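In: Here is a sequence with its predicted model. Questions after.
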Amino acid sequence: MKEQPNVWWRIAKVVLGLIILSFFLSIILSFFIGDGFESFDGNVALIEIKGPILAESEGLFFDDVASSEDITKLIRKADKNEKIKAIAFKINSPGGSAVASEEIANEIKKTNKTTVAWITEGGTSGAYWIASATDHVIANRMSITGSIGVIAS
């Protein structure tokens, strides 16, 4: 009779191949799942404010637009979640619409959580306005920070 060690080796290779394939598929799918704004895994919610701040999420010239409608929904969602103890805002924005920035800043002020703004590359104009509504602002000394514009009618 012939021994069949090759059968077990083939089964082991197939199982190992399936494990590796599922690992890579999970990594690829992670890029498409989620909206890039929130991370509710722990007890801190991370909301990203990236790109021009507009009332609507569809920008004509920009891929990354910070929609006040989307961001205020995320703030309310984090504020209602009892597991969330603080809300962190990762900001990299040149600002944008004064109305949209004020909507976000007002929603931040309504929360009952500790709020922190983390300005990465830049937080100017409306983005700085939003950051100033939080309890704490953290910015690298090399980031472009500040400069709230003035509009005269």
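Out: Everything's here; your move.
In: Okay, and Ala100 sits in which element?
Out: Here Ala100, judged by DSSP states H and E, is contained in helix 98-110.
In: which secondary structure elements does that helix contact?
Out: Counting contacts by 3 or more C-beta pairs under 8 Å, 6 or more residues apart in numbering; DSSP states H and E, the secondary-structure elements packed against helix 98-110 are strand 53-54, helix 68-80, helix 126-132. For every residue, glycine as well, the C-beta is placed using N, CA and C.
In: next SSE after it?
Out: Going down the chain from helix 98-110, the next helix or strand is strand 114-124, by DSSP H and E.
In: Give the next helix or strand downstream of the lowest-mean-pLDDT helix or strand in the chain.
Out: Least confident helix or strand of the chain, by mean pLDDT, DSSP states H and E, is helix 5-32 with a mean of 66. Scanning forward in sequence from helix 5-32 by DSSP H and E, the next helix or strand is strand 44-50.
In: Also compute the angle for that following strand relative to helix 98-110, please.
Out: Here strand 44-50 runs at an angle of 170 degrees relative to helix 98-110 (axes from the mean of the first three to the mean of the last three C-alpha atoms, to 10 degrees).
In: Contacts for strand 44-50 next, please.
Out: Contact with strand 44-50 is made by 36-39, 64, 66, 71, 74-75, 77-78, 81, 84-93, 104, 127, 130, as judged by C-beta atoms under 8 Å, 6 or more residues apart in numbering.
In: now with 7 Å?
Out: Contacts with strand 44-50, where a contact means C-beta atoms under 7 Å, 6 or more residues apart in numbering, come from 36-39, 64, 66, 71, 74-75, 78, 84-93, 127, 130.
In: For Ala66, the count of nearby residues, please.
Out: By the criterion of other C-beta atoms under 10 Å, Ala66 has 30 neighbours.
In: contacting residues for it?
Out: Contacts of Ala66 by C-beta under 7 Å, 6+ apart are Ile49, Lys50, Gly51, Pro52, Ile53, Ser93.
In: could you redo the last one with a cut-off of 10 Å?
Out: Ala66 is in contact with 37, 47-54, 57, 59, 91-93, 95-97, 100-101, 104, 126-127, 130, counting by C-beta atoms under 10 Å, 6 or more residues apart in numbering.
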